[in-house]
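Peer 1: Next come a sequence and a model predicted from it.
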Amino acid sequence: MRLELYPSPAEDRLEQVRMRAFFPSFAFLLACLVLLLSGCTLPNRAAVTPLRTEELPTLVALTVAARGQTQTPPASPSPSRTSELPDSMLTDQSPPAFATQELRTPTLRPTKPPATPTLAPATATRTPTQTPTVLIPDAAIQIRSPGALSRLVSPFDVRAYVKPGSDGRVRLELIGEDGRLLVRKVLAYSTALSRVNLNEKIEFEINAVAEAARLQISTFDQFGRPLALNSVDVVLLSMGEADINPPGPTEEKIIVLEPLPNKLIQGGVLSVSGLARSDGQQPLLVELLRADGKVVGYRLAAVHADPAGGYGDFIVEVPYQVEEPTWVRMVIKENSSSRLGGASYLTSLELLLSP
């Protein structure tokens with residue numbers, strides 16, 4: 001006869017309580033095992049034993065219950081890019097050392113510029129324009145006495161400082177108002193003298209009580225061409241007392257700047273420029289004279305007179321005609337604006353003209 005022992009109701013309840021306490025602990029341990037296995041990287045996924053289908057619902061329920069009791073959601077989930085990497089690269093590797101180092105940008109500090117000496121503020125000054133200075137030479141013939149418009153009675157003294165001509169001769173003339181020659185003297189000096197003091201006594205006779213006249217001194221070269229001439233207008237008295245005026249300026253009245261003496265000129269045109277102390281009423285006459293006295297070129301040159309009585313400038317182009325290189329004397333003369341007419345001043349220089 002077979003006896004079967006059944007548990008009492010009390011033992012049956014005690015067993016149920018034990019089983020209820022056992023199942024949560026077992027579920028917790030199983031969930032931890034699953035989590036541990038899921039967090040590890042398996043080198044060979046084919047070696048993992050697959051779960052049976054009938055165990056999946058129980059395993060899912062136990063896992064959810066275990067997570068609800070042991071895990072709390074992270075306070076602030078941070079984005080991660082590890083889910084985008086393949087499983088073979090999900091390893092517990094530390095990032096390279098240089099990735100965690102702080103890159104520091106060098107701070108540029110302003111440097112103090114080197115000290116420079118303090119300069120005083122420059123004051124604006126006007127720089128004078130450098131203009132060529134023209135040296136005014138002394139006239140070749142300087143009449144010291146009598147001065148212009150002197151009242152003269154016969155006889156009177158003439159004093160001058162003269163550069164003699166090529167042959168040493170100096171011509172002294174007194175010309176009446178109608179152009180007649182009242183007095184002419186030709187004085188000869190040594191050619192070795194560069195300048196001479198002229199002292200001559202002039203006697204004259206006139207029919208009228210008073211008459212306008214011109215006293216002029218001139219020099220000539222070896223061919224008889226004029227070198228220089230200077231003159232003063234005077235008044236001649238048949239009776240009465242003389243009234244001598246002081247002389248005027250002794251500097252050259254006509255200054256030639258271009259061309260220079262003894263210069264070779266080619267092309268058939270001679271450019272002449274210079275300065276002249278003139279009232280501008282009469283132009284200058286420029287003539288080119290050959291050794292035989294023939295004129296090979298001439299022109300009139302207007303002078304831009306200086307209102308203050310100084311020097312005015314002039315410029316002119318003189319055409320000439322020569323068949324071969326020819327030495328000529330360029331003569332520049334000023335005609336008088338008084339009723340006496342004729343040349344009142346003259347200067348000259350020698351040039352070589354070529355076709």
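Peer 2: Structure's in. What do you need?
Peer 1: and the protein, what are its domains?
Peer 2: What automatic domain parsing lists as the domains of the chain is 136-248, 253-355.
Peer 1: will you turn the ones you listed into CSV that also has mean pLDDT and mean neighbour count?
Peer 2: All C-beta atoms are positioned from the backbone trio N, CA, C, and that covers glycine. Shown next, in CSV, are those (pLDDT from 0 to 100; neighbours: other Cβ atoms under 10 Å):
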stretch, mean pLDDT, mean neighbour count
domain 136-248, 95, 16
domain 253-355, 94, 16
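Peer 1: For L30, which of those is the nearest?
Peer 2: For L30, the closest of these is domain 253-355, at 127.1 Å, according to Cβ to Cβ.
Peer 1: that older thread, I'd like the domains of the chain laid out as a markdown table, including distance to L30.
Peer 2: Formatted as a markdown table, the domains of the chain follow (distance: least, Cβ to Cβ, whole Å):
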| stretch | distance to L30 |
| --- | --- |
| domain 136-248 | 133 |
| domain 253-355 | 127 |
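Peer 1: now the helices for this structure?
Peer 2: For the chain, applying DSSP state H gives helices covering 9-39, 56-70, 97-100.
Peer 1: Out of these, which gets the lowest mean score?
Peer 2: Sorting the helices of the chain by mean pLDDT places helix 97-100 lowest, at a mean of 42.
Peer 1: any residues touching stretch 312-325, and which ones?
Peer 2: 264-265, 268-278, 280, 284, 286, 288, 296-306, 328, 352-355 (Cβ atoms under 8 Å, 6 or more residues apart in numbering).
Peer 1: Cross these against strands and list the overlap.
Peer 2: Members of the contacts of stretch 312-325 lying in strands (criterion: DSSP state E): 264-265, 269-276, 284, 286, 288, 296-301, 328, 352-353.
Peer 1: Next one: T133, what pLDDT does it get?
Peer 2: What the model reports as pLDDT for T133 is 68.
Peer 1: T219 and V331: what is the separation?
Peer 2: 12 Å (Cβ to Cβ, to the nearest Å).
Peer 1: wait, I meant R169
Peer 2: 18 Å.
Peer 1: circling back to that earlier point, need the residues touching each of T219 and V331.
Peer 2: Contacts common to T219 and V331, judged by Cβ under 8 Å, 6+ apart, are P226.
Peer 1: Could you find the closest non-adjacent residue to S273?
Peer 2: Using Cβ to Cβ, 6 or more residues apart in numbering and skipping residues adjacent in sequence, the residue nearest S273 is I315, 4.2 Å away.
Peer 1: And L198, by the same measure?
Peer 2: A160 (4.2 Å).
Peer 1: Was I right to think the one you found contacts Q142?
Peer 2: Yes: under the criterion of Cβ atoms under 8 Å, A160 makes contact with Q142 at 6.2 Å.
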